[in-house]
Every structure is written in structure tokens, then in C-alpha cells.
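Asker: structure, please.
(one chain, ligands or ions: 1)
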Amino acid sequence: MPRYDYRCLNCGALFEAQHGFDEPAPVCPQCGGAVKRVIRKAAPMLRGMAAPVSKYATKEELRAKWAEETPKLRKKLVDKLGEETVRRNAPTLGDA
Ligand SMILES: [Zn+2]
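Answerer: Down below sits the predicted model:
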């Protein structure tokens, strides 16, 4: 059964109640007053892996970023490994 957070509109008490989602809201356990559902804050965004993705939100932005970064990455690899090695081992990077 789902759990819900409630705040009493009368005395401000915060409490958690467990009931079916189609059942009516309970009353305040402190004073019996009417209560209002409190929406729990979503868990904070995961850092690290999620950050670059959220930074470039749309597909177009991602594609643009990829197009911008790929030649740089390729150049870095060419500088390090040589043109031939890159051509042979990373054909997907293509020619800039
Ligand atoms: Zn109350």
C-alpha cells in the first residue's frame, strides 16, 4: 500500500499515512483536522554519469556536441597513436 505525507491544515502537524490511493485522506492524528497531501521532494539528481546528459538536453544538442567533440578526440588519438592506428582501430570516428 502506498504511503503518503500529509500536513494538517489546522495545527500544521506533519505525518505519514498508508492507505489505498482511491481512499480519502485521513484526518490529523493530533487534532482531527483536515489534512493536505504533501508531495515528497524527488531524490536529488545523480551526479557524475548523469551530469553531461542533463547538460545537453535535446538530441540535437547532443548531436552537435558529438560533432564538435569527435574531431577533437580523433586528433588527440592521431597525435598519440598515429594516423594509421586510428584509421584501423577507430573507423567510426571518421575523418574530420
Ligand atoms: Zn492537526
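Asker: all contacts plus neighbour counts: C-alpha atoms, from now on.
Answerer: OK.
Asker: domains in this structure, by residue range?
Answerer: Domains of the chain are assigned by automatic domain parsing as 3-38, 53-93.
Asker: minimum distance to the ion: which of the ones you listed has it?
Answerer: domain 3-38 (4.0 Å; Cα to the ion).
Asker: if we can go back for a sec, out of the domains of the chain, which is the most enclosed?
Answerer: Stretch with highest mean neighbour count among the domains of the chain: domain 3-38 (a mean of 15; mean count of other Cα atoms under 10 Å).
Asker: which helices and strands sit right next to whichever helix or strand Lys75 is part of?
Answerer: Per DSSP states H and E, Lys75 falls inside helix 59-81. Secondary structure elements in contact with helix 59-81, counted by 3 or more Cα pairs under 8 Å, 6 or more residues apart in numbering; DSSP states H and E, are helix 83-89.
Asker: quick one, phi/psi of Arg7?
Answerer: phi -120, psi 130 (degrees, to the nearest 10).
Asker: gap between it and Ala13?
Answerer: Distance, Arg7 to Ala13, using Cα to Cα, to the nearest Å: 6 Å.
Asker: quickly list what's touching both of those two.
Answerer: Shared contacts of Arg7 and Ala13, defined by Cα atoms under 8 Å, 6 or more residues apart in numbering, comprise Cys28.
Asker: residues contacting Cys11?
Answerer: If you count contacts by Cα under 8 Å, 6+ apart, Cys11 has them with Gln30, Cys31, Gly33.
Asker: now those residues as TSV including secondary structure, distance to the ion and pLDDT?
Answerer: Below are the contacts of Cys11 laid out as TSV (DSSP: H, G, I helix; E, B strand; the rest coil; distance: Cα to the ion, whole Å; pLDDT from 0 to 100):
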residue	secondary structure	distance to the ion	pLDDT
Gln30	coil	5	95
Cys31	coil	4	98
Gly33	coil	5	96
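Asker: residues from the protein in reach of the ion?
Answerer: Within the chain, the positions adjacent to the ion are Cys8, Asn10, Cys11, Cys28, Gln30, Cys31, Gly33 by Cα under 5 Å from the ion.
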